[in-house]
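Q: I would like the atomic coordinates for the input below:
(one chain, ligands or ions: 2)
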Amino acid sequence: MTEDRAERHRARMARRKARVDADIAAAAQDKGLLLVLTGPGKGKSSSAFGMLARALGHGHKVSVVQFIKGRSDTGEEAFFRRQPGVDWQVCGAGFTWETQDREQDIAAARAGWAAAACALADPTVNLVVLDELTYLFSYGYLDLATVLADLAARPPMQHVVVTGRAAPQALIDAADTVSDIGDLKHAFRAGVRAQPGIDW
Ligand code: ATP
Ligand code: MG
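A: Residues are numbered from 1 along each chain as shown. Ligands and ions are numbered 1, 2, ... in the order given. Take a look at the predicted model:
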């Protein structure tokens with residue numbers, strides 16, 4: 001009885017391995033990917049910074065542009081600025097309800113895209129992170145068509161990660177990998193303030 005069960009398990013796993021191996025063999029291309037991490041849940045920027053760490057572990061050159069800056073004392077900025085091969089630029093003084101200055105926000109958005117366009121034109125940069133980029137389309141501060149054209153014209157092996165809620169459909173359509181991170185629960189709603197090392 002137990003031997004039967006063990007044999008059925010072995011045969012099932014052998015079939016599964018054949019399927020998995022065939023799927024792996026079929027995915028043989030290499031290309032620079034556009035990833036979009038969107039949705040209302042926690043984990044968009046921190047996932048992008050996880051990929052940044054992976055890329056640096058491979059000795060890659062990375063460039064980060066943060067479009068909306070809530071605070072200047074984040075753990076990620078302190079950590080990654082110390083690493084060789086990291087270019088880290090902050091453009092934007094905070095959320096619209098913090099700055100309360102539309103003209104200043106638009107100027108910061110444009111400066112941010114100029115910095116991003118520079119990284120997207122540099123074939124020695126392996127990974128570009130565009131953190132909180134999506135908000136600028138929601139507010140109409142950046143022209144989506146220009147952004148999509150610059151993304152499409154980047155070096156063919158360069159990876160780009162875009163984060164932010166409410167990614168526009170055209171950006172999702174242009175991307176290779178898209179994650180929509182759901183908000184099942186967040187400690188903030190139970191009255192817990194943002195924790196260093198977890199939230200910033
Ligand atoms: P993280 O940087 O932690 O990965 P995120 O990039 O997915 O978060 P943002 O919308 O950029 O999310 O917000 C950043 C900050 O807001 C973090 O402190 C995060 O914990 C918090 N936050 C994210 N999602 C929620 C939520 N649904 N409710 C309350 N706070 C949130
Ligand atoms: Mg974020």
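
Q: for the record, mean pLDDT for the strand or helix carrying Leu171?
A: According to DSSP states H and E, Leu171 maps onto helix 169-174. Helix 169-174 shows a mean pLDDT of 98.

Q: again with stretch 8-27
A: For stretch 8-27, the per-residue pLDDT averages 92.

Q: list the contacts for the residue in the chain positioned nearest to ligand 2?
A: Nearest residue of the chain to ligand 2: Ser45, at 3.1 Å (CB to the ion). For glycine as for every other residue, the C-beta is placed from the backbone atoms N, C-alpha and C. Listed by CB atoms under 8 Å, 6 or more residues apart in numbering, the contact set of Ser45 reads 37, 76, 131-132, 163.

Q: returning to that earlier point: so which bits of the helix holding Leu171 are buried?
A: 171, 174 (16 or more other CB atoms under 10 Å).

Q: same for the helix or strand following it, what does it pack against?
A: Sequence-wise, the next helix or strand downstream of helix 169-174 (DSSP H and E) is strand 177-180. Here strand 177-180 touches strand 34-38, going by 3 or more CB pairs under 8 Å, 6 or more residues apart in numbering; DSSP states H and E.

Q: returning to what we had before: and the contacts of the helix holding Leu171?
A: 34, 36, 38, 134, 137, 144, 147-148, 151-152, 162, 178.

Q: run the chain-centre distance for it.
A: Chain-centre distance of helix 169-174: 14 Å, with CA atoms, centre = their mean, to the nearest Å.

Q: go on, stretch 146-159?
A: With CA atoms, centre = their mean, you get 15 Å for stretch 146-159.

Q: just the CA atoms of it, as CSV, please.
A: Extracted C-alpha coordinates of stretch 146-159, given in CSV (Å, rounded to 0.1, in the frame of the first residue of the first chain):
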residue,chain,number,x,y,z
THR,A,146,7.6,60.6,-24.5
VAL,A,147,8.4,58.2,-21.6
LEU,A,148,7.2,55.1,-23.6
ALA,A,149,9.4,56.2,-26.6
ASP,A,150,12.5,56.7,-24.4
LEU,A,151,11.9,53.3,-22.8
ALA,A,152,11.5,51.6,-26.2
ALA,A,153,14.7,53.2,-27.5
ARG,A,154,16.9,52.0,-24.6
PRO,A,155,19.8,49.6,-25.0
PRO,A,156,18.3,46.1,-25.8
MET,A,157,19.9,44.3,-22.8
GLN,A,158,19.0,47.0,-20.2
HIS,A,159,16.4,46.1,-17.5
